[in-house]
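Engineer: okay, predicted coordinates and the sequence, questions at the end:
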Amino acid sequence: MGYLSFLPEMVILAFACIILILDLFSSKKNYFFSLALIALVLALVTIFLPFSSNSNSLITQMFFRDSMAKFFRVTFIVAASLIILISNDWARKSNFRSEYYSFILFATLGIMLMASAGELVSMYISLELTSLSFYALVAFSKGDLKSSEAGLKYLILGVISSDVLLFGLALIYGLTGATRFSEIASILPRTFSEPAFLLSLIFLVAGFGFKIALVPFHMWVPDAYEGAPTPVAAFMSVGSKAAAFAITIRIFLGALAVAQNFWSILLPLLAVLSMTLGNLVALVQTNIKRMLAYSSIAQAGYVLMGIAALSAFGISGTLYYLLAYTFTNICAFAAVTVFASQTGSEEIKDFAGLSQRSPTLALALTISLLSLAGMPLFAGFVAKFYIFASVALQKLYWLVAVALINTAISLYYYLMVVKQIYIVPPVSKEPILISLPSRVALQLTVFGILLLGIYPGPFIKTIGAITKNLFIT
Amino acid sequence: MEFYLLDVLLVLIFSGIGIILIALIFGLSKLISTAKPSEVKESTYECGNVPIGESWIQFRVRYYIFALLFVILDIEMIFLFPWAIVFQRMGLFALIEMAIFVGLLVVGLVYAWRKGALKWV
């Protein structure tokens, strides 16, 4: 009975449908928030139930049930719970509350399946489930022109990138006749010299580059993040990005590991491009969501360095970075959500004097920004250190140098926001109130940032155990 | 490698034959036929009716919603036929499986129904 190991996914799917249906037959609309939270908590509990997944049924061949899948599934459920907590203020004003929460649950289901996909078809289907949910979520502010524009841009570019990816997958299938990653890895060496193989590699890099938002494929990110409801932007920057990274690790280091010589040169190149362009363009942004969008492009560059290191240590760094980034970025976006829902503004200059209007919010935003910049004491520092060390161990010193210069650049624009918060006098003295769910989310994320920054030992140990079994070379 | 190029060559040959054939047919009919254009002959063909205006007009978005719902149920049939064939061998398991699948589709249909997507206004 391999099916029982999919209980968390089934719980989320069932609740997503129940929320949709309940909305049709009840006039009260205020309990969907709690229902969505209950779904995620139940899913989290069921992940840790000891169901065996060793049976050889079809579905357990389609999805990995290994410890890396577990790591990502737990991370995603925690991330989704935090997103739902910060969504409450925003969703209360929407006429489509049940749809919003069920789409968030569908997106969560999609990224959970993506991170555990074990073959090409199930990977593509779960990727589409994620993308379709996010297309709808980005355009969710009906009547807001910016949101509709963002949704349309994201939809068109997303569909094209999915096609490119699908073309790459089809070529790989055509060359090997297999869809499972392990089978592809064993058949692939016979077809190295085919020009079609190189073509498929380019398509795969482009397709995943779009989903991760690496530089030549990043055009959609600022517009989509700016137009999307802020909690959705937070979920995209954390969830779909981490899931795409999980898939990239599985495909490139699992299925295509034997062809390392062909693609290993691309990764450091894309990493350098992403962090440099992301950081430089973030310098001149005036809208905080656009700034965070460019910062997330730069962060993707750092994460990619971990994969480019091509070692188990590097992958551990990647996983740790993604975990730290989840808490850090949700914290930053949560603070922006609270601020924007009270003042209606997302401009950086309006954050002036935030420390006097709401000390809690100011502190949370500052901590998250410092963590994004990679300051010691916070999660971002340990994560960056981990990744840079793994790259240095592979003797890629130039890459470390570029990354360090980039970190220094990024410090400037993060600190400019901190300067607005603490030094520039406020325009209005009106205090900013934080609702209970947002307060809980802020506290949890700040706790996560500090825990991962001050006491990383147990997490590093767990992640080290995951990647030790995973790496094939 | 050689096989690969041979395949491409075959595709090229076939496309060449296709293009030449079509050019030949159209060219021949152009050469042989006599052209006597009149107003009725030049107008847009619209299934027996007298055409009204251009064909580049806005369509009601409702057509797409109906088309979408139709396609979903159509796909359901594609899955139902092979399912019916293996049903005897797989028994109860297949029944539950299909019940879940159809159940998910029913959720979508009920949703569309209650939200008024099936009403023509």
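Structural biologist: Here it is on my side, so go on.

Engineer: in chain B, which residue sits closest to chain A?
Structural biologist: Per CB to the nearest CB, the residue of chain B with the smallest distance to chain A is B:Arg114, at 4.1 Å. To be clear about C-beta, it is placed using only N, CA and C from the backbone, and glycine gets the same treatment.

Engineer: and that residue, what pLDDT?
Structural biologist: If you check B:Arg114, the pLDDT there is 87.

Engineer: correct me, but it touches A:Leu22?
Structural biologist: No - assessed by CB atoms under 8 Å, B:Arg114 is found out of contact with A:Leu22, at 11.3 Å.

Engineer: got the phi/psi numbers for A:Glu347?
Structural biologist: Main-chain dihedrals, A:Glu347, degrees, to the nearest 10: phi -80, psi 140.

Engineer: give me the neighbour count for it.
Structural biologist: 14 (other CB atoms under 10 Å in any protein chain shown).

Engineer: what sits against it?
Structural biologist: By CB atoms under 8 Å, 6 or more residues apart in numbering or on different chains, the contact list for A:Glu347 reads A:Thr286, A:Asn287, A:Ile288.

Engineer: picking up where we left off before, now the residue of chain B closest to chain A: how far from A:Ser98?
Structural biologist: Distance of B:Arg114 to A:Ser98, computed by CB to CB, to the nearest Å: 12 Å.

Engineer: can you check B:Ile72 too?
Structural biologist: 20 Å.

Engineer: circling back to that earlier point, tell me the most packed of the contacts of A:Glu347, by neighbour count.
Structural biologist: A:Ile288 (28 neighbours).

Engineer: what about the helices in chain B?
Structural biologist: Here chain B has its helices, by DSSP state H, at B:2-32, B:39-42, B:62-90, B:92-114.

Engineer: which of these has the lowest mean pLDDT?
Structural biologist: For the helices of chain B, mean pLDDT drops lowest on helix B:39-42, to a mean of 76.

Engineer: and the residue of the stretch 351-473 of chain A found nearest chain B, which helix or strand is it part of?
Structural biologist: Relative to chain B, the nearest point of the stretch 351-473 of chain A is A:Pro437 (26.5 Å; CB to the nearest CB). Here A:Pro437 sits within helix A:436-454, counting by DSSP states H and E.

Engineer: may I see the buried residues of that helix?
Structural biologist: A:437-439, A:441-442, A:444-446, A:448-450, A:452-453 (16 or more other CB atoms under 10 Å in any protein chain shown).

Engineer: quick check, the helix or strand A:Leu113 falls within touching chain B?
Structural biologist: Taking DSSP H and E as the criterion, A:Leu113 maps to helix A:97-116. No - shown here: helix A:97-116 not in contact with chain B (CB under 8 Å from any CB of the partner chain), separated by at least 9.0 Å.

Engineer: from the chain's centroid, how far away is that helix?
Structural biologist: 13 Å (CA atoms, centre = their mean, to the nearest Å).

Engineer: for the helix or strand following it, which positions count as buried?
Structural biologist: Downstream of helix A:97-116, the next assigned helix or strand under DSSP H and E is helix A:120-138. Using 16+ other CB under 10 Å as the test for burial, helix A:120-138 gives A:120, A:122-124, A:126-138.

Engineer: hang on, the earlier thing: will you turn the helices of chain B into a markdown table that also has mean neighbour count?
Structural biologist: A markdown table is the format used below for the helices of chain B (neighbours: other CB atoms under 10 Å in any protein chain shown):
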| stretch | mean neighbour count |
| --- | --- |
| helix B:2-32 | 10 |
| helix B:39-42 | 7 |
| helix B:62-90 | 11 |
| helix B:92-114 | 13 |
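
Engineer: columns distance to A:Pro359 on top of these, output as JSON lines?
Structural biologist: Shown next, in JSON lines, are these (distance: least, CB to CB, whole Å):
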{"stretch": "helix B:2-32", "distance to A:Pro359": "67"}
{"stretch": "helix B:39-42", "distance to A:Pro359": "77"}
{"stretch": "helix B:62-90", "distance to A:Pro359": "50"}
{"stretch": "helix B:92-114", "distance to A:Pro359": "45"}
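
Engineer: spatially nearest residue to the residue in the stretch 251-400 of chain A positioned nearest to chain B (excluding sequence neighbours)?
Structural biologist: Nearest residue of the stretch 251-400 of chain A to chain B (CB to the nearest CB) works out as A:Phe262 at 16.4 Å. Spatial nearest neighbour of A:Phe262, excluding adjacent residues (CB to CB, 6 or more residues apart in numbering or on different chains): A:Leu201 at 5.8 Å.

Engineer: check which helices and strands the helix or strand hosting the one you found sits against.
Structural biologist: Following DSSP H and E, one finds A:Leu201 within helix A:195-212. Where contact means 3 or more CB pairs under 8 Å, 6 or more residues apart in numbering or on different chains; DSSP states H and E, helix A:195-212 is packed against helix A:145-176, helix A:241-250, helix A:260-263, helix A:266-282.

Engineer: and of those helices, who's closest to A:Thr328?
Structural biologist: helix A:241-250 (12.5 Å; CB to CB).

Engineer: show me which residues of chain A sit near chain B.
Structural biologist: So far as CB under 8 Å from any CB goes, chain A lies against chain B at A:Cys17, A:Leu20, A:Ile21, A:Leu24, A:Phe25, A:Ser193, A:Glu194, A:Pro195, A:Ala196.

Engineer: for the fifth one, grab the count of nearby residues.
Structural biologist: Neighbour count of A:Phe25, defined by other CB under 10 Å: 8.

Engineer: same check on the fourth one?
Structural biologist: Applying the criterion other CB under 10 Å, we find 13 residues in the vicinity of A:Leu24.

Engineer: again with the third one
Structural biologist: Applying the criterion other CB under 10 Å, we find 16 residues in the vicinity of A:Ile21.

Engineer: what inclination does the helix or strand containing it have with respect to helix B:92-114?
Structural biologist: Assigned by DSSP H and E, A:Ile21 falls within helix A:7-25. Calculated by axes from the mean of the first three to the mean of the last three CA atoms, to 10 degrees, helix A:7-25 forms an angle of 30 degrees with helix B:92-114.

Engineer: thanks again, I'm all set now.
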